[in-house]
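1. Got a sequence here, can you model it:
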Amino acid sequence: MDYTTITLKAAAKAMEDAVLPALSAAGDQQALEQAHLVWDAIRFVADRVDLVAARRRAEAIALIDLVGRLAELDAIDDTTTARLGGIRSAAMARIADPETTAEGYAVVIAGLGDEVTAVLRTADRLAPAQRAGVERTVLAHALRRLELDRSWLLPLGFDPDPAGVPELAGLLAAGTTG
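-> As a prediction, this is how the structure comes out:
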């Protein structure tokens, strides 16, 4: 049994019940402000720790989609297309395994990310129109990733347009299909 969530919730409760009131009583506003930031961070992590694997799975599925879209571009040569197809198939097999952990998804994400980086480096040598197609494809993926990041971080209260942030559950659910 993993006690991470329980431990984090206990730490947050200790901050709320003992540390924050003591700092408030002491009148140390700067320490109280900093302790509130720590308390918020602990509560945020406690709320998200059980969702890390689902988030990474959603990220991996999005990258698998991106690699597939890149492989379909006319600008990509046959050798690269074949390599991307093989990497994509291996990644799909890995995420299809119900035993894949958050760390396993992280390995998939890193490998796919390396391939996308290689394609982008190659795109620098393409004709402008072909390079633009690669860049648009990657940018479209980045915008979807930004939605996930905004939704993930929404509880911290820093998003300038919280009403415009998609629901995290829906974004993570998209990671259950692939």
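2. any idea how the protein splits into domains?
-> 4-50, 51-176 (automatic domain parsing).
3. Turn the ones you listed into a markdown table, including mean pLDDT.
-> Converted to a markdown table, those look like this (pLDDT from 0 to 100):
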| stretch | mean pLDDT |
| --- | --- |
| domain 4-50 | 94 |
| domain 51-176 | 94 |
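4. Quick one: these as CSV, columns for mean neighbour count too.
-> In this view, the C-beta of every residue, glycine as well, is placed from N, C-alpha and C. What follows is the domains of the chain, written out as CSV (neighbours: other CB atoms under 10 Å):
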stretch, mean neighbour count
domain 4-50, 14
domain 51-176, 15
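5. Tell me the gap between stretch 12-24 and the middle of its chain.
-> 31 Å (CA atoms, centre = their mean, to the nearest Å).
6. please renumber so the chain begins at 12
-> Renumbered: residue one is now 12, and that last one reads stretch 23-35.
7. What's the separation between residue 102 and residue 170?
-> 30 Å (CB to CB, to the nearest Å).
8. next one: residue 146
-> For residue 146 relative to residue 170 (CB to CB), the value is 26 Å.
9. name the helices or strands packed onto the top helix by length along the chain?
-> Secondary structure of the chain per DSSP state H: the longest helix is helix 139-164. On a contact count with 3 or more CB pairs under 8 Å, 6 or more residues apart in numbering; DSSP states H and E, helix 139-164 meets helix 63-83, helix 113-134, helix 179-184.
10. right, and those - which one's nearest residue 16?
-> helix 63-83 (11.2 Å; CB to CB).
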